[in-house]
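> no sequence for this one, just the structure:
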């Protein structure tokens, strides 16, 4: 089955700096890669996703890059704000249209004001 | 549109009992997936239902089962509860033909 590794497990940045979280996956058939943000005591929220036919996707301060050859993808947050503090999860789905996500272990991001 | 809802939000059971959790997807969504979240194992996929049929299954014992009704609402059942089943159980709904999943608030299950 798919195995997703995520690094780092914790990340502290100063407000206004950039944050980068990296994930690798094992199944070359995986073709959908979402990122979720989970604040304490709340549900995971989809913040951005990318499909295997695209190398990069951006939404305001958030961007995701995908390298299919190396089987890794990354989340980039620019101009971080205190409200970006949360746990971020990457995930991979090995089937088009199916909804069986394999998650990374999460990154706790702390943005220091 | 209303979001994904789950009931109950909190549940306390004792070992050996069984429990049923409910999930109502976003209107129009036909796929419901269930996940278990624990501090030690993270988020793990349990199973997915699409149009009342189990479409995918994770690596959990047969004590974990589910079903989906014609209105796309889904239930998850855990029989013979063990202490290790204490977790946050999340469901996520999707149209089913594309991958975007939206999570409910979860049911926090505590097994004593």
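Received the coordinates, thanks. Here the structure is a predicted model, which is why all the values come from computation and not from measurement.
> how about the closest residue in space to residue A:91 that isn't next to it in sequence, what does it touch?
Spatial nearest neighbour of residue A:91, chain neighbours left out: residue A:101 (4.2 Å); criterion: CB to CB, 6 or more residues apart in numbering or on different chains. Every residue, glycine included, has its C-beta placed from N, CA and C. Counting by CB atoms under 8 Å, 6 or more residues apart in numbering or on different chains, residue A:101 touches A:34, A:91-93, B:33, B:35, B:43, B:45, B:101.
> what's opposite residue A:110 in the beta bridge?
On the basis of DSSP bridges, residue A:110 is bridged to residue A:12.
> does the spatially most central residue of chain B lie in a helix or a strand, and which?
Nearest residue to the geometric centre of chain B (CA atoms, centre = their mean): residue B:34, 3.4 Å. Per DSSP states H and E, residue B:34 falls inside strand B:31-38.
> any idea how far the following helix or strand past that strand is from the chain center?
Heading C-terminal from strand B:31-38, the first helix or strand you meet, by DSSP H and E, is strand B:42-50. Distance, stretch centre to chain centre, for strand B:42-50: 7 Å (CA atoms, centre = their mean, to the nearest Å).
> so where's chain A shaky on pLDDT?
A:96-98 (pLDDT under 70).
> ok, the residue lying closest to residue A:9 once chain neighbours are set aside - contacts?
Among residues not flanking residue A:9 along the chain, residue A:107 sits closest, at 6.2 Å (CB to CB, 6+ apart). Contacts for residue A:107 were tallied using CB under 8 Å, 6+ apart; they are A:6-11, A:21, A:87-89.
> who in chain B is up against chain A?
For chain B, the contact set with chain A under CB under 8 Å from any CB of the partner chain comprises B:4, B:31, B:33, B:35, B:42-45, B:48, B:50, B:55-56, B:58-59, B:90, B:92, B:94, B:96-106.
> ok, of those, which come out buried?
Taking 16 or more other CB atoms under 10 Å in any protein chain shown as the criterion, what is buried in the residues of chain B next to chain A is B:4, B:31, B:33, B:35, B:42-45, B:48, B:50, B:55-56, B:58, B:90, B:92, B:94, B:96, B:99, B:101-106.
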